[in-house]
Every structure is written in structure tokens, then in C-alpha cells.
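1. 3D model of this:
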Amino acid sequence: MKKLFLLTALFVAAAFPSCSKHDNVETPDLPDPQPLAIAFADGNSLLLNMNESKTVNYTITGGSDKTVVKAELQIPDDAYTVETTPSSTSEGTITITAQTPETENCVIVTVSDGSQTVTAEIAVSTNAISEEDKLAITFAEGNSLEFNVGETQTVHYTITGGSASNVVKAEMQNLDDSYTLKTTPTSATEGTITIMAQMPSTENCVIVTVSDGNRSITAKIDVTLKASFDGKTVVVVTPGTLSQLLANYDESSITELTVIGNLNDADIVTLKSLPNLAVLDMENANLEELPTEAFKGKTSLTSVKLPKTLKAIGSYAFSGCSSLTSVKIPDGVTTIWTDAFWGCSSLTSVTIPDSVTVIWWFAFSGCSSLTSVKIPDGVMTIRDGAFNHCSSLTSITIPDSVTEIGASAFSDCSSLNAFYGKFASLDHRCLIVDGCLNSFAPAGLTSYAIPEGVTEIGDAAFWGCSSLTSIIIPNNVTTIGHGAFTDCSSLTSIMIPDSMTEIGGIAFQYCSNLKSITIGSSVTTIGASAFSDCSSLTSIYCKAIVPPSVSIHGAFNGVSATLYVPTGSKAAYTAADEWKNFSNIFEMD
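-> Numbers count the residues shown, from 1 in each chain. Now for the predicted structure:
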């Protein structure tokens, strides 16, 4: 009876649910929303053949009319393509195409309805191509060929695993005039490649590309020239073997020689030893640096073409080659080292390429037959004496790129009468770079007023101007360089302005007619032999109250003159080294 009562009580309680104690509103129980999900009718793993496409059908549950599906490769590459095609907001397809064999990846599928996002994966892999289906090319004559200069050889090829759309292309790996090629297909799977060795480089490679529209492969044929010598042209395959190739010939009969191939310093020594070699063509030889003293003193040499691969011409490489009339410097050369063409007195023309940035010390010094030089745009520095003693040089062109011109760079260029470039507005007898005057004044110069903008007179600026009778130095100059007026034997007086602080060594040595000099009040240093052997010097006016420091080697050797110093400073001069050697010292205002 008690059990029946309890059951009745529970039933009644269930029939009358409780209400909120605040608003008496009934709260119904609502079902949870269906979660967003995607399923693939064709499974989550695919195996494809090469170039095969498969379609995966997908179904979305729990989405909305805003549902978006995106499919992309986990590892981005060209092995597969993926395309998504929705047919509704809940169904569609994903098409996957295999592009290359034996690859694995994963397609990441992202589904979003604006409030929920889920991802799923489809693993993809591609079967390996069977040997009979692989695209390949073979050459009946092999993958390595040797040629004589001018020889033609035909290579027969066979293609396997291709199609009727096969295309064959052959080209040289290093593009030059070394070899010519011609491809002649006889069918979609066979044909020939004709190769002719023209002459230049000894080593190269023919790259053969085969494409069937869906895939491409490459193969190569190595080509080299055979080592040989026919009396005029020598092909050097292995560096250092030139002497062996010439061993059976009368070396004295070799006057003209074309060298092809791979050279080293030993081969250059062999070339230098050929007693009557006059015309040398190394344009198609492989050599990056012409060694120091490569052809130094080789007076039989008249014409040279340097290797296209050359980067530097070593010091003294052609110095003393007095019969050399022309030289072709290749575009790749960046450096012409010290004295490279020093004393090439017959050299009438030289081509300096744009790749050169520095022309080093005395590089073309003594090239007395050079008539004109064009300095290329790449040059920034012309070192000391680079073109000095080029006595036939009538014109020079210097580009805006030049920022430094060394001392005596154009000294003793006695025929120079035309100057072009950023310094053209100046007197053609001098160059001013960053305030420094570097003169190439001709020996016949009689007088010169240095421009007001000059602050420094460079080393040897007027050395040997034996006709110079007067020079005006402006009150901006602070330094006279080493040997600036050496051997200016017609100078009779010199006024050194108060702005000057230093007079360089041998600055006025051998100025044999110099009678008087005035040394400015700011001069603190006088270099060794600055006024030595000025045998006519009778009066020296030194305006500095404190005696300038004089080199321990002396500045006035061989000079007997009266020294005039500022009032009140005689005692200091009488006690100072070198100055105390003057027997006549007088004070004056």
C-alpha cells in the first residue's frame, strides 16, 4: 500500500514541473545542435598513377547555408593539383591529380560555417613508374666525345617511355662559339644531334632536354677537344703540358701561335721561351691571371690577344717588350698590376675595359708611342706614374668615376695638348683631385699660376719642368709634396705662402738657378734635401718665429746663403739643428 502511494506521488510531481522562483516562466529542455563534420565516400587514402586524376565525394553534416569547403596540400609543391567543386552547401567533390611519380603528401580539407570550423585529411601517394614507362634518352655513341678542331660528329639518340608528342632540344651548357649544334628528329623516338667543334674552349657540355608534354628529362654529352699541335694552333687539354706538345717541333720556327685550352704558369714560361714568337693569340685559352713577369723583356713579341677568362695582368707582365705594338685586354680584367706594360715603347694602342677599377703604379710608364688613351668609366684610381714618360700621348679622357690620381701619373707627357673629362675645364697641364694638384706639365712650361682651390701640391707635380721660370702658389696651399719642383732648373725665386705647413723632401732639389726663397710663417717641417744643390741660392727669408723642424739628413746641403729671420728670433735659429749651420743670420721685420 505504501509503494502504491509513493508511485502516485511521483507521477503527480512529474505532471507539474517547478517554475523559477523569480519570474514563474516555464523552461523547456532543448536538444544540442548537431556538430559540424565532413565525410568522404571514397575514403581518406588514395593511391594514384602518374598523371592520373581521382575524384573524392564529400558530405557535410551539421552545417548551414554559409558552409565553405577549402582543400589544399599540406606540403605545397608541384607533385599534385587539387580542385574543389561544391554541388551544394552539404555536398561536393575534390579532384586530385598526380603530377610526378613516387611522391607522398596530404590534402588538408577545411570546413567552416561561420561559427564552427573542422579539418579532415586525405592521404595521397603516387605509384612508381615502371622501367618500360619511364621517359629516357640514350646515345648510341655514348655520353662523352673528343674532337679535333673543325671536326664534326653525329650522335644518334633513342627515346623510350615517351609519346607521339616528344620534343628534343639540344644546347651548349656554356653558351659561346665553341661548338655548333643541329638536332634532326627522324621520328618521335629517334633522331640525331650533329656537333661541330669550331675552335674555342676545350671543355663544354651538350644539354639535351626531352619533353612528352607531361614530363621532361635532361641528359648531357661531355665534349672536349683533343690535345694537338699543327704548327700554328695548339690545343692544351691538361695544364702544364704545352712543352710536351711542342717538343717535336723546331721552336725557333714558331713565329705565330694560337693557343686553345687550359694553361698554367708553366705553360706561360714555355711560351716566353719561344725565341722568335711575334704574334700570340690566347683569346680562347683558359687562364685567370697572367703571372708576374710573364713576358718581361720578350722583345720579339709584336701582338698579343689575352684570354677571355683573364681577371688580372701581373706586375711586369710585358715590361720591356719594346716591339709590342698592340694588345687586346679582355672585358673581364679587373686589375692591371704595377709596371705591367712599363717600357713597351712601340705600343701604339691599348684597350682598357670597363671592368678595370685601378690602374696601378707605372702600369703604362714609358709607352712612348701611345698617342691617345681612354680611361673607362669603371676606373676610380690612377696610381703614381701610371702613364708617365708617354711622350707621344696627345690626348687623354678621364671619366667622372676617377677620384684619385697619383703623383706623376702623367709626368713627362710632353705632347699632351687635349684633355677630356671632368677636369677638362682646368688647364690641361695639371689635374686637381680633392684639392691636390698632380701635374703632368710638359717640359716646355715657362710659367704657371696654381688655381686658388688647390690645398696640396702632389709629389713630383712639376718635376723636371726645366723651362719653368715662375710659379705662383696661392695662400690656400698647406703642403708641397716630395719632389714637387725637383730639377726646375730655370726657377729664380720662390714665394711659399703663410698657409704652408710642410715642405716635402727634395721639393726644390737641383733648382740650380734659384736665387732667393721666402718661407711662410706657418711652416713647421722641411723634408730631407728640400733645397739641396740649389747652388745659386743667396737669400733665404724664413718668416717663422719658431725655427721649422729640418730633417736630420739636412735640407740645405750644398747651399751657401744669407738667412733672414723675424726680429727677436735669431737666438732660436742660431741654436736650432741645421739652421745653426748658416754663418750669416740677420733679423728683420
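2. show me where the stretch 201-350 of the chain has its strands.
-> For the stretch 201-350 of the chain, strands defined by DSSP state E, counting those that start in this stretch occupy the ranges 203-211, 216-225, 228-229, 233-236, 256-262, 279-281, 285-286, 289-290, 303-305, 312-313, 326-328, 335-336, 349-351.
3. the ones you listed: which one's closest to Glu502?
-> Within the strands of the stretch 201-350 of the chain, the stretch nearest Glu502 is strand 335-336; the backing value is 32.3 Å (C-beta to C-beta). All C-beta atoms are positioned from the backbone trio N, CA, C, and that covers glycine.
4. name every strand pairing with that closest one and say which way it goes.
-> Sheet pairing of strand 335-336 (DSSP bridges) gives strand 312-313 (parallel), strand 358-359 (parallel).
5. using CSV, lay out these together with mean pLDDT, mean neighbour count and distance to Leu73.
-> Rendered in CSV, the data for the strands paired with strand 335-336 read as follows (pLDDT from 0 to 100; neighbours: other C-beta atoms under 10 Å; distance: least, C-beta to C-beta, whole Å):
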stretch, mean pLDDT, mean neighbour count, distance to Leu73
strand 312-313, 96, 22, 51
strand 358-359, 92, 23, 54
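6. for Phe462, find the nearest of those strands.
-> strand 358-359 (22.0 Å).
7. C-terminal to the closest one, what's the next element?
-> strand 372-374 (DSSP states H and E).
8. quick check: buried residues in that following strand?
-> Neighbour-count burial for strand 372-374, counted by 16 or more other C-beta atoms under 10 Å, picks out Val373.
9. can you pull out the low-pLDDT segments for the chain?
-> Low-confidence segments of the chain (pLDDT under 70): 1-33, 131-132, 199-202, 417-436, 438-444.
10. got the domain boundaries for it?
-> The chain breaks down into these structural domains: 37-126, 136-225, 228-287, 291-425, 438-589 (assignment by automatic domain parsing).
11. for the shortest one, measure first residue to last.
-> Distance across domain 228-287, first residue to last, is 19 Å (C-alpha to C-alpha, to the nearest Å).
12. and what of stretch 383-397?
-> Terminal residues of stretch 383-397 lie 16 Å apart, using C-alpha to C-alpha.
13. do the same with stretch 220-237
-> End-to-end distance of stretch 220-237 (C-alpha to C-alpha): 20 Å.
14. which parts of that stretch are buried?
-> In stretch 220-237, the ones that count as buried by 16+ other C-beta under 10 Å are Ile221, Val223, Thr224, Leu225, Ala227, Phe229, Thr233, Val234, Val235, Val236, Val237.
15. and it, how far from the chain's centre?
-> 30 Å (C-alpha atoms, centre = their mean, to the nearest Å).
16. what does it contact?
-> The list of residues contacting stretch 220-237 from outside it, by C-beta atoms under 8 Å, 6 or more residues apart in numbering, reads 139, 143-149, 155, 173, 179, 193, 195, 197, 199, 202-208, 238, 241-242, 245-246, 249, 254, 256-263, 267, 285.
17. about what we covered before: kindly reformat the buried residues of stretch 220-237 as JSON lines containing distance to Thr126.
-> What follows is the buried residues of stretch 220-237, written out as JSON lines (distance: C-beta to C-beta, whole Å):
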{"residue": "Ile221", "distance to Thr126": "31"}
{"residue": "Val223", "distance to Thr126": "36"}
{"residue": "Thr224", "distance to Thr126": "40"}
{"residue": "Leu225", "distance to Thr126": "44"}
{"residue": "Ala227", "distance to Thr126": "49"}
{"residue": "Phe229", "distance to Thr126": "56"}
{"residue": "Thr233", "distance to Thr126": "54"}
{"residue": "Val234", "distance to Thr126": "54"}
{"residue": "Val235", "distance to Thr126": "49"}
{"residue": "Val236", "distance to Thr126": "50"}
{"residue": "Val237", "distance to Thr126": "45"}
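18. pick the one among those closest to Met380.
-> Proximity of the buried residues of stretch 220-237 to Met380, judged by C-beta to C-beta, is greatest for Val236, which lies at 35.9 Å.
19. doesn't Ile254 make contact with Asn276?
-> Yes: counting by C-beta atoms under 8 Å, Ile254 is a contact partner of Asn276 at 6.8 Å.
20. so which of those two has more stuff around it?
-> Neighbour tally, Asn276 and Ile254, criterion other C-beta atoms under 10 Å: the higher count belongs to Ile254, 20 against 12.
21. not counting its neighbours along the chain, what's nearest that one?
-> For Ile254, ignoring the flanking residues on the chain, the nearest one in space by C-beta to C-beta, 6 or more residues apart in numbering is Leu274 at 5.2 Å.
22. give the buried residues for stretch 305-318.
-> Buried residues in stretch 305-318, counted by 16+ other C-beta under 10 Å: 305-310, 312-318.
23. stretch 374-389 now?
-> For stretch 374-389, the neighbour count (16+ other C-beta under 10 Å) marks 375-376, 378-379, 381-389 as buried.
24. of the residues you listed, which belong to strands?
-> Per DSSP state E, strands hold the following members of these: Thr381, Ile382.
25. biggest separation within the buried residues of stretch 374-389, which pair?
-> Distances among these were taken as C-beta to C-beta; the most separated pair is Gly378 and His389, at 25.1 Å.
26. for Thr85, which of the strands paired with strand 335-336 is the nearest?
-> Of all those, the one in closest proximity to Thr85, counting by C-beta to C-beta, is strand 312-313 (64.0 Å).
27. please list the residues outside the closest one that contact it.
-> By C-beta under 8 Å, 6+ apart, the list of residues contacting strand 312-313 from outside reads Glu288, Glu289, Leu290, Leu306, Ile329, Val333, Thr334, Thr335, Ile336, Trp337, Ala340.
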